[in-house]
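Undergrad: quick one, structure for this:
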Amino acid sequence: MFKDLKKVELHLHLDGSIRITTAEEILQQKDLRKEMIVDSNSHSLKDYLTKFNLPISIMQTKDNLTRVSKELMEDLDKDNVIYAEIRFAPNFHTKKGLSLDEVVKAVLAGIQNSKVKANLILCMMRGDSFLANKKIIDLAIKYKNKGVCGIDLAGDEASYPTSLYKDLFNYAIANKVPFTIHAGEAGTLTDIDNAIKYGANRIGHGIKAVEDENLLGTLRKNKIPLEICPTSNVQTHAVSSYQNHPIKKLKDKDILITINTDNRTVSNINLNQEYELLYKYFGFNKEDFIKFNRTAIEYSFLTKEEKEKLQKEIV
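TA: Alright, predicted model coming up:
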(Lines give C-alpha, C1' and ligand atoms only; values in the text may rest on other atoms or scores of the structure.)
Protein backbone atom coordinates (compact mmCIF):
# COMPACT_ATOMS: atom_id res chain seq x y z
CA MET A 1 0.00 0.00 0.00
CA PHE A 2 2.85 2.41 0.83
CA LYS A 3 5.51 0.91 -1.45
CA ASP A 4 5.49 3.88 -3.84
CA LEU A 5 5.79 6.42 -1.04
CA LYS A 6 9.26 7.98 -0.90
CA LYS A 7 10.81 7.31 2.46
CA VAL A 8 13.59 8.47 4.79
CA GLU A 9 15.25 6.31 7.43
CA LEU A 10 17.41 7.80 10.20
CA HIS A 11 17.82 4.87 12.60
CA LEU A 12 19.32 1.92 10.75
CA HIS A 13 22.14 -0.33 11.94
CA LEU A 14 24.40 -1.74 9.23
CA ASP A 15 25.39 -4.85 11.17
CA GLY A 16 21.74 -5.64 11.88
CA SER A 17 20.79 -5.40 8.22
CA ILE A 18 23.04 -7.89 6.42
CA ARG A 19 21.41 -10.22 3.91
CA ILE A 20 21.20 -13.76 5.25
CA THR A 21 22.17 -15.13 1.83
CA THR A 22 25.35 -13.06 1.93
CA ALA A 23 26.29 -14.37 5.37
CA GLU A 24 25.64 -17.94 4.23
CA GLU A 25 27.78 -17.43 1.13
CA ILE A 26 30.69 -15.83 3.00
CA LEU A 27 30.68 -18.44 5.78
CA GLN A 28 29.75 -21.29 3.42
CA GLN A 29 27.02 -22.36 5.82
CA LYS A 30 23.32 -22.97 5.32
CA ASP A 31 20.25 -21.79 7.21
CA LEU A 32 21.65 -18.99 9.35
CA ARG A 33 18.23 -17.46 9.97
CA LYS A 34 18.15 -18.59 13.61
CA GLU A 35 21.54 -16.95 14.17
CA MET A 36 20.55 -13.65 12.57
CA ILE A 37 16.82 -13.10 13.19
CA VAL A 38 15.34 -12.49 16.62
CA ASP A 39 12.75 -15.04 17.80
CA SER A 40 10.25 -15.50 20.61
CA ASN A 41 13.04 -16.59 22.97
CA SER A 42 14.25 -13.01 23.11
CA HIS A 43 13.13 -11.38 26.35
CA SER A 44 15.20 -8.20 26.44
CA LEU A 45 17.44 -5.81 24.55
CA LYS A 46 20.39 -7.85 25.81
CA ASP A 47 18.97 -11.00 24.15
CA TYR A 48 18.24 -9.05 20.97
CA LEU A 49 21.84 -7.83 20.79
CA THR A 50 23.18 -11.41 20.60
CA LYS A 51 21.96 -11.54 16.98
CA PHE A 52 24.74 -9.15 16.01
CA ASN A 53 27.55 -11.54 16.87
CA LEU A 54 27.54 -13.46 13.60
CA PRO A 55 27.21 -10.43 11.27
CA ILE A 56 30.03 -8.62 13.10
CA SER A 57 32.27 -11.69 12.72
CA ILE A 58 31.80 -11.40 8.95
CA MET A 59 32.40 -7.66 8.80
CA GLN A 60 36.15 -7.83 9.46
CA THR A 61 37.54 -7.33 5.92
CA LYS A 62 37.38 -4.37 3.56
CA ASP A 63 35.67 -6.43 0.85
CA ASN A 64 32.97 -7.73 3.17
CA LEU A 65 32.31 -4.30 4.68
CA THR A 66 31.97 -2.77 1.23
CA ARG A 67 29.77 -5.60 0.00
CA VAL A 68 27.26 -5.57 2.87
CA SER A 69 27.05 -1.76 2.66
CA LYS A 70 26.43 -1.83 -1.09
CA GLU A 71 23.76 -4.51 -0.70
CA LEU A 72 21.99 -2.52 2.01
CA MET A 73 21.81 0.43 -0.37
CA GLU A 74 20.18 -1.84 -2.97
CA ASP A 75 17.66 -3.03 -0.36
CA LEU A 76 16.87 0.56 0.61
CA ASP A 77 16.29 1.42 -3.03
CA LYS A 78 13.75 -1.43 -3.29
CA ASP A 79 11.97 0.10 -0.29
CA ASN A 80 11.84 3.47 -2.11
CA VAL A 81 14.07 5.12 0.49
CA ILE A 82 15.54 8.36 -0.85
CA TYR A 83 17.78 9.16 2.12
CA ALA A 84 19.24 7.10 4.94
CA GLU A 85 21.59 7.65 7.85
CA ILE A 86 23.27 4.30 8.42
CA ARG A 87 24.96 3.68 11.75
CA PHE A 88 27.56 1.22 12.91
CA ALA A 89 30.35 0.95 15.51
CA PRO A 90 33.78 1.07 13.79
CA ASN A 91 35.47 -0.43 16.88
CA PHE A 92 33.61 -3.70 16.23
CA HIS A 93 35.35 -4.23 12.91
CA THR A 94 39.04 -4.09 13.81
CA LYS A 95 39.36 -7.65 15.19
CA LYS A 96 41.36 -8.90 12.21
CA GLY A 97 43.68 -5.96 11.89
CA LEU A 98 41.76 -3.26 10.02
CA SER A 99 42.35 0.28 11.25
CA LEU A 100 39.41 2.53 12.10
CA ASP A 101 40.15 4.54 8.96
CA GLU A 102 40.11 1.44 6.80
CA VAL A 103 36.78 0.39 8.29
CA VAL A 104 35.12 3.73 7.57
CA LYS A 105 36.57 3.96 4.06
CA ALA A 106 35.36 0.44 3.23
CA VAL A 107 31.80 1.25 4.30
CA LEU A 108 31.88 4.59 2.47
CA ALA A 109 32.94 2.73 -0.68
CA GLY A 110 29.82 0.60 -0.35
CA ILE A 111 27.31 3.43 0.07
CA GLN A 112 28.71 5.65 -2.67
CA ASN A 113 27.48 5.48 -6.27
CA SER A 114 24.03 4.36 -5.13
CA LYS A 115 20.64 5.68 -6.26
CA VAL A 116 19.92 6.31 -2.57
CA LYS A 117 21.54 9.25 -0.82
CA ALA A 118 23.17 8.17 2.44
CA ASN A 119 25.51 9.23 5.22
CA LEU A 120 27.10 7.34 8.08
CA ILE A 121 26.59 7.77 11.82
CA LEU A 122 29.47 6.35 13.86
CA CYS A 123 28.45 4.63 17.09
CA MET A 124 30.21 4.96 20.40
CA MET A 125 29.37 1.98 22.58
CA ARG A 126 28.10 1.85 26.14
CA GLY A 127 30.69 -0.09 28.13
CA ASP A 128 33.65 1.02 26.00
CA SER A 129 36.38 3.17 27.55
CA PHE A 130 36.46 6.94 27.30
CA LEU A 131 39.46 6.77 24.95
CA ALA A 132 37.88 4.15 22.69
CA ASN A 133 34.75 6.28 22.32
CA LYS A 134 36.72 9.51 21.90
CA LYS A 135 38.44 7.91 18.90
CA ILE A 136 35.00 7.53 17.31
CA ILE A 137 34.31 11.25 17.72
CA ASP A 138 37.75 12.04 16.25
CA LEU A 139 36.90 9.76 13.33
CA ALA A 140 33.62 11.60 12.79
CA ILE A 141 35.50 14.93 12.83
CA LYS A 142 37.95 13.61 10.23
CA TYR A 143 35.24 12.35 7.84
CA LYS A 144 32.64 15.04 8.46
CA ASN A 145 31.15 16.21 5.14
CA LYS A 146 32.91 13.26 3.50
CA GLY A 147 30.18 10.72 4.07
CA VAL A 148 30.00 10.81 7.88
CA CYS A 149 27.33 13.07 9.35
CA GLY A 150 27.34 12.43 13.11
CA ILE A 151 27.74 10.05 16.04
CA ASP A 152 25.56 7.93 18.30
CA LEU A 153 25.74 6.16 21.65
CA ALA A 154 24.43 2.59 21.42
CA GLY A 155 24.49 -0.66 23.36
CA ASP A 156 23.28 -1.97 26.71
CA GLU A 157 21.41 1.04 28.07
CA ALA A 158 20.28 -0.66 31.28
CA SER A 159 23.85 -1.54 32.35
CA TYR A 160 25.57 1.69 31.24
CA PRO A 161 23.48 4.84 31.89
CA THR A 162 23.80 7.88 29.64
CA SER A 163 25.24 9.93 32.51
CA LEU A 164 28.57 8.08 32.13
CA TYR A 165 29.17 9.74 28.76
CA LYS A 166 28.59 13.43 29.45
CA ASP A 167 32.22 14.47 28.81
CA LEU A 168 32.22 12.75 25.44
CA PHE A 169 29.17 14.69 24.33
CA ASN A 170 30.78 17.92 25.50
CA TYR A 171 33.75 17.02 23.30
CA ALA A 172 31.43 16.35 20.35
CA ILE A 173 29.69 19.71 20.80
CA ALA A 174 33.03 21.53 21.04
CA ASN A 175 33.96 20.00 17.69
CA LYS A 176 30.56 20.64 16.07
CA VAL A 177 29.71 16.96 15.63
CA PRO A 178 25.92 16.39 15.75
CA PHE A 179 24.69 13.38 17.66
CA THR A 180 21.77 11.15 18.45
CA ILE A 181 21.60 8.98 21.58
CA HIS A 182 19.87 5.66 22.16
CA ALA A 183 17.76 6.39 25.25
CA GLY A 184 14.43 5.44 26.77
CA GLU A 185 14.28 1.98 25.24
CA ALA A 186 15.68 -0.35 27.91
CA GLY A 187 16.93 2.31 30.32
CA THR A 188 15.16 4.93 32.39
CA LEU A 189 13.43 8.27 31.92
CA THR A 190 16.58 9.83 33.34
CA ASP A 191 18.50 8.55 30.31
CA ILE A 192 16.20 10.52 28.01
CA ASP A 193 16.39 13.59 30.23
CA ASN A 194 20.20 13.41 30.26
CA ALA A 195 20.36 12.87 26.50
CA ILE A 196 18.44 16.12 26.06
CA LYS A 197 20.59 17.96 28.63
CA TYR A 198 23.78 16.76 26.95
CA GLY A 199 22.67 18.23 23.61
CA ALA A 200 21.28 15.32 21.58
CA ASN A 201 19.80 16.45 18.28
CA ARG A 202 17.57 13.36 18.21
CA ILE A 203 16.69 10.48 20.55
CA GLY A 204 17.02 6.88 19.40
CA HIS A 205 13.74 5.17 20.42
CA GLY A 206 12.83 7.39 23.41
CA ILE A 207 9.43 5.76 23.78
CA LYS A 208 9.46 5.74 27.59
CA ALA A 209 9.03 9.51 27.43
CA VAL A 210 5.30 8.86 27.09
CA GLU A 211 5.27 8.10 30.85
CA ASP A 212 6.26 11.63 31.88
CA GLU A 213 4.38 14.80 30.90
CA ASN A 214 7.28 17.05 31.89
CA LEU A 215 9.64 15.10 29.66
CA LEU A 216 7.19 15.27 26.77
CA GLY A 217 7.04 19.02 27.30
CA THR A 218 10.82 19.22 27.15
CA LEU A 219 10.88 17.24 23.90
CA ARG A 220 8.26 19.56 22.38
CA LYS A 221 9.94 22.73 23.62
CA ASN A 222 13.36 21.72 22.31
CA LYS A 223 11.95 20.21 19.09
CA ILE A 224 13.78 16.93 19.56
CA PRO A 225 12.39 14.11 17.42
CA LEU A 226 12.23 10.46 18.38
CA GLU A 227 13.67 7.82 16.05
CA ILE A 228 10.92 5.25 16.62
CA CYS A 229 11.38 1.60 15.60
CA PRO A 230 8.05 -0.08 16.46
CA THR A 231 8.77 -3.71 15.53
CA SER A 232 12.16 -3.65 17.22
CA ASN A 233 10.58 -2.20 20.37
CA VAL A 234 8.22 -5.18 20.55
CA GLN A 235 11.07 -7.66 20.02
CA THR A 236 13.26 -6.15 22.76
CA HIS A 237 10.21 -6.12 25.07
CA ALA A 238 10.41 -2.36 25.43
CA VAL A 239 6.65 -2.67 24.78
CA SER A 240 4.44 -5.70 25.38
CA SER A 241 2.86 -5.83 21.91
CA TYR A 242 2.55 -3.85 18.70
CA GLN A 243 -0.95 -2.63 19.55
CA ASN A 244 0.35 -1.37 22.90
CA HIS A 245 3.12 0.68 21.35
CA PRO A 246 2.91 4.34 22.51
CA ILE A 247 3.56 5.81 19.04
CA LYS A 248 -0.07 6.97 18.61
CA LYS A 249 -0.07 8.61 22.05
CA LEU A 250 3.24 10.33 21.24
CA LYS A 251 1.85 11.56 17.92
CA ASP A 252 -1.31 12.85 19.61
CA LYS A 253 0.86 14.76 22.10
CA ASP A 254 2.63 16.53 19.20
CA ILE A 255 5.98 14.80 19.69
CA LEU A 256 8.14 14.87 16.56
CA ILE A 257 8.30 11.35 15.14
CA THR A 258 10.36 9.52 12.55
CA ILE A 259 9.71 5.89 11.52
CA ASN A 260 12.58 3.42 11.25
CA THR A 261 13.35 -0.31 11.07
CA ASP A 262 16.36 -0.29 13.44
CA ASN A 263 17.69 -3.59 12.04
CA ARG A 264 16.21 -4.94 8.85
CA THR A 265 17.56 -8.47 9.21
CA VAL A 266 17.54 -8.94 12.98
CA SER A 267 13.96 -7.63 13.18
CA ASN A 268 12.98 -9.25 9.85
CA ILE A 269 11.29 -6.05 8.69
CA ASN A 270 11.54 -3.42 5.99
CA LEU A 271 10.22 0.13 6.05
CA ASN A 272 7.27 -0.61 3.80
CA GLN A 273 6.16 -3.44 6.11
CA GLU A 274 6.58 -1.14 9.12
CA TYR A 275 4.24 1.39 7.49
CA GLU A 276 1.71 -1.38 6.79
CA LEU A 277 1.75 -2.43 10.45
CA LEU A 278 1.29 1.16 11.63
CA TYR A 279 -1.68 1.46 9.26
CA LYS A 280 -3.12 -1.84 10.52
CA TYR A 281 -2.82 -1.12 14.24
CA PHE A 282 -3.17 2.67 14.43
CA GLY A 283 -4.77 3.75 11.17
CA PHE A 284 -1.82 5.93 10.14
CA ASN A 285 -2.36 7.07 6.56
CA LYS A 286 -0.35 8.46 3.67
CA GLU A 287 -0.52 12.01 5.04
CA ASP A 288 0.87 10.82 8.39
CA PHE A 289 3.80 9.09 6.71
CA ILE A 290 4.52 12.11 4.54
CA LYS A 291 4.66 14.20 7.73
CA PHE A 292 6.98 11.69 9.44
CA ASN A 293 9.30 11.70 6.42
CA ARG A 294 9.33 15.49 6.25
CA THR A 295 10.26 15.51 9.95
CA ALA A 296 13.06 13.01 9.24
CA ILE A 297 14.50 15.27 6.55
CA GLU A 298 14.18 18.40 8.68
CA TYR A 299 16.05 16.80 11.60
CA SER A 300 18.55 14.80 9.56
CA PHE A 301 22.23 15.69 9.75
CA LEU A 302 22.19 17.18 6.25
CA THR A 303 22.92 20.75 5.15
CA LYS A 304 20.06 23.19 4.69
CA GLU A 305 20.45 23.00 0.91
CA GLU A 306 20.37 19.19 0.90
CA LYS A 307 17.27 19.19 3.09
CA GLU A 308 15.43 21.61 0.78
CA LYS A 309 16.24 19.44 -2.22
CA LEU A 310 14.96 16.26 -0.54
CA GLN A 311 11.78 17.93 0.75
CA LYS A 312 10.75 18.53 -2.86
CA GLU A 313 10.78 14.77 -3.46
CA ILE A 314 8.34 13.98 -0.63
CA VAL A 315 4.81 13.98 -2.07
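Undergrad: which of the residues in the helix or strand bottoming out on mean pLDDT in the chain are buried?
TA: Ranking every helix and strand in the chain by mean pLDDT, DSSP states H and E puts helix 45-49 at the bottom, with a mean of 83. Using 16 or more other C-beta atoms under 10 Å as the test for burial, helix 45-49 gives 45, 48-49. Any C-beta I mention is one placed from the backbone N, CA and C, and that applies to glycine too.
Undergrad: same deal with stretch 304-315?
TA: Buried-residue list, stretch 304-315, by 16+ other C-beta under 10 Å: 306-307, 310, 314.
Undergrad: next, the buried residues of stretch 150-169.
TA: Here stretch 150-169 shows 150-157, 160, 162, 165, 168-169 as buried, counting by 16+ other C-beta under 10 Å.
Undergrad: please state the mean pLDDT value computed over it.
TA: Confidence over stretch 150-169 (mean pLDDT, whole number) is 95.
Undergrad: over to stretch 96-116?
TA: The pLDDT scores in stretch 96-116 average 97.
Undergrad: endpoints of it, how far apart?
TA: Terminal residues of stretch 96-116 are spaced 30 Å apart (C-alpha to C-alpha, to the nearest Å).
Undergrad: which residues touch it?
TA: With contacts defined as C-beta atoms under 8 Å, 6 or more residues apart in numbering, stretch 96-116 is touched by 14, 60-63, 65-74, 76-77, 81-84, 86, 88, 90-91, 93-94, 118, 120, 122, 135-136, 139, 142-143, 146-148.
Undergrad: so which bits of the strand or helix carrying Gly217 are buried?
TA: Using DSSP states H and E, Gly217 maps to helix 213-222. Across helix 213-222, burial judged by 16+ other C-beta under 10 Å covers 215-216, 218-219.
Undergrad: quick one: list the elements packing against whatever helix or strand comes next after it.
TA: Note on helix 213-222: by DSSP H and E, the next helix or strand toward the C-terminus is strand 226-228. Counting contacts by 3 or more C-beta pairs under 8 Å, 6 or more residues apart in numbering; DSSP states H and E, strand 226-228 packs against strand 202-205, helix 247-252, strand 257-259.
Undergrad: so for Val8, which of the ones you listed sits nearest?
TA: Checking these against Val8 by C-beta to C-beta gives strand 257-259 as the closest, at 7.4 Å.
Undergrad: in the sheet, which strands lie alongside the closest one, parallel or antiparallel?
TA: Counting by DSSP bridges, the strands paired with strand 257-259 are strand 226-228 (parallel).
Undergrad: residues in contact with Cys149?
TA: 85, 119-121, 178, 300-302.
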